[in-house]
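1. I would like the atomic coordinates for the input below:
(one chain, ligands or ions: 3)
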Amino acid sequence: MAEVKKIAVIAGDGIGPEVVGEAIKVLKKTEELFGYKFELEHGLFGGIAIDEKGTPLPQETLDICQRADAVLLGAVGGPKWDNNSKELRPETGLLGIRKALGLFSNIRPAVVFDCLKDASTLKPEVLEGTDLIVVRELTGGIYFGEKFRREGAGGQEAIDTCVYNVQEIERIVRQGFEIAQKRRKKLASVDKANVLETSRLWRETVNKIAPEYPDVELEHVLVDNCAMQLLRRPSSFDVIVTENMFGDILSDEAAMLTGSIGMLSSASLGEGSFGLYEPVHGSAPDIAGQGISNPIATILSVALMFQLTFGYAEAAEVIERAVKQVLDAGHRTGDIAVDKSQAIGTTAMGDLIVAAMVR
Ligand SMILES: NC(=O)C1=CN([C@@H]2O[C@H](COP(=O)(O)OP(=O)(O)OC[C@H]3O[C@@H](n4cnc5c(N)ncnc54)[C@H](O)[C@@H]3O)[C@@H](O)[C@H]2O)C=CC1
Ligand SMILES: CC(C)CC(=O)C(=O)O
Ligand SMILES: [Mg+2]
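-> Ligands and ions are numbered 1, 2, ... in the order given. All right, here's what the predicted structure looks like:
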């Protein structure tokens, strides 16, 4: 009998439940194919948790996550909660769960499927060979710094502070180097060291540990230049390591290399094998409830869970192969369809991927 793996499922808001629903079908199909056993425990999270429990991250949900081997997350947020106080915002719950679970490393692969080159807004020849990973620091920086308002000479002022210490920088940069060692051995460390003190400490720290990874070619890239180079020469990037906010922004940009943010999966990791897996996209309120969202980012996040937390490499490959096969056969959700009239819905895409899963 296979060991039972406990997965906390926190679907969240907007398209979160739709895409997570398709990922659960993939989990069930894997049980069938490989004899694995997954015990799913569902928790309220985000806006729906604010509505039902008065907080975006109820203690009960955190408990479910803490007793699980891995977490599958959809997305949170929406206009209904946009004017709430900070404590009652879904996004505060998202930052809170990352911090509470110690998930300092956010791995966001952006791989261009050949058959989707025409789905991107960039020219196919620019995309040729693009296969990169953004390694984003996830529990520090400006998203977590002290925030406040005060009266100033020019009226009300708002202050967000950005703090990084050497330890936080070192552990994420080491991840970047280690991931690069297993790939094409190129690391781009992205900062704004010409202006920001946190970035200067970042760069100093990178330079201090770089000699320990002599096989990795290191380049420092300023974030504004990186945003530009991602569109100019995306295939030249292998691993990009960067701080929280820069990684957030650059990975959404990198998503468009693949055709859609609906394609980008992610893993959030801490010190051990425990991980939280979620699509890079948000709750997409503009299309929520219509059954047209792309579930591939969440389905590929399950493949990452298999690889990085459970060590189910073959099952991960089965999922990735199935996704490729379905895309190669020409099936598209609206976000990646060139001819929108031919687009299929969320559940149809999920069903096709499940049907294509074979050992
Ligand atoms: N991890 C999370 O839970 C995140 C939550 N958010 C929250 O989500 C809400 C919406 O944020 P936005 O800035 O609009 O970002 P978003 O990523 O939700 O949507 C941006 C655009 O991409 C499209 N899109 C996103 N995912 C898609 C999918 N799977 N299939 C097809 N199209 C897709 C949307 O329709 C929209 O046009 C906000 O409340 C925001 O705070 C945003 C990013 C991450
Ligand atoms: C609340 C935000 C930091 C969520 C987001 O945009 C992300 O993690 O990509
Ligand atoms: Mg983001």
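
2. Where does pLDDT dip in the chain?
-> Where the chain drops to pLDDT under 70, the residues are 1.

3. Return the lengthiest strand in it as PDB; C-alpha atoms alone will do.
-> In the chain, with assignment by DSSP state E, the single longest strand is strand 4-12. Extracted C-alpha coordinates of strand 4-12, given in PDB (Å, rounded to 0.1, in the frame of the first residue of the first chain):
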ATOM      1  CA  VAL A   4      -1.100   8.300   2.300                       C
ATOM      2  CA  LYS A   5       0.000  11.900   1.400                       C
ATOM      3  CA  LYS A   6      -2.000  14.600   3.000                       C
ATOM      4  CA  ILE A   7      -2.700  17.600   0.700                       C
ATOM      5  CA  ALA A   8      -4.300  20.800   2.100                       C
ATOM      6  CA  VAL A   9      -6.600  22.300  -0.600                       C
ATOM      7  CA  ILE A  10      -7.300  26.000  -0.300                       C
ATOM      8  CA  ALA A  11      -9.100  27.000  -3.400                       C
ATOM      9  CA  GLY A  12      -9.800  30.700  -2.500                       C
END
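
4. Look at T333 and say how many residues are nearby.
-> 22 (other C-beta atoms under 10 Å). All C-beta spots, glycine's among them, are computed from the backbone N, C-alpha and C.

5. right, I mislabeled it, should have said I353
-> Every residue meeting other C-beta under 10 Å relative to I353 is counted, giving 26.

6. close to ligand 1, is the helix or strand hosting it?
-> Per DSSP states H and E: I353 is located in helix 346-356. No: Helix 346-356 lies apart from ligand 1 when judged by C-beta under 6 Å from any ligand atom; the minimum separation is 8.1 Å.

7. For that helix, buried residues please.
-> Buried residues in helix 346-356, counted by 16 or more other C-beta atoms under 10 Å: 346, 349-350, 352-354, 356.

8. Kindly present those as JSON lines, with separate columns for distance to ligand 2.
-> Output for the buried residues of helix 346-356, formatted as JSON lines (distance: C-beta to the nearest ligand atom, whole Å):
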{"residue": "T346", "distance to ligand 2": "20"}
{"residue": "M349", "distance to ligand 2": "22"}
{"residue": "G350", "distance to ligand 2": "23"}
{"residue": "L352", "distance to ligand 2": "27"}
{"residue": "I353", "distance to ligand 2": "24"}
{"residue": "V354", "distance to ligand 2": "27"}
{"residue": "A356", "distance to ligand 2": "29"}
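
9. residues contacting the closest residue to C162 other than its chain neighbours?
-> Among residues not flanking C162 along the chain, I142 sits closest, at 4.0 Å (C-beta to C-beta, 6 or more residues apart in numbering). By C-beta atoms under 8 Å, 6 or more residues apart in numbering, the contact set of I142 is 160-162, 244-245.

10. at 7 Å what do you get?
-> I142 is in contact with 160, 162, 244-245, counting by C-beta atoms under 7 Å, 6 or more residues apart in numbering.

11. for I287, helix, strand, or coil?
-> coil (DSSP: H, G, I helix; E, B strand; the rest coil).

12. That one: how many residues sit nearby?
-> 19.

13. what does I249 give?
-> 15.

14. Can you tell me the SS state at it?
-> helix.

15. Spatially nearest residue to it (excluding sequence neighbours)?
-> A227 is the one closest to I249 (C-beta to C-beta, 6+ apart), at 7.5 Å.

16. List the contacts of the helix holding I353.
-> Contacts for helix 346-356 (C-beta under 7 Å, 6+ apart): 18-19, 22, 25-26, 29, 291-295, 299, 322-323, 325-326, 331, 333.

17. Apply 6 Å and report the result again.
-> Helix 346-356 is contacted by residues 18, 22, 25, 29, 291, 293, 295, 299, 322-323, 325-326, 331, 333 when judged by C-beta atoms under 6 Å, 6 or more residues apart in numbering.

18. Can you tell me which of these lies closest to ligand 1?
-> Of all these, S293 has the smallest distance to ligand 1: 4.0 Å, by C-beta to the nearest ligand atom.
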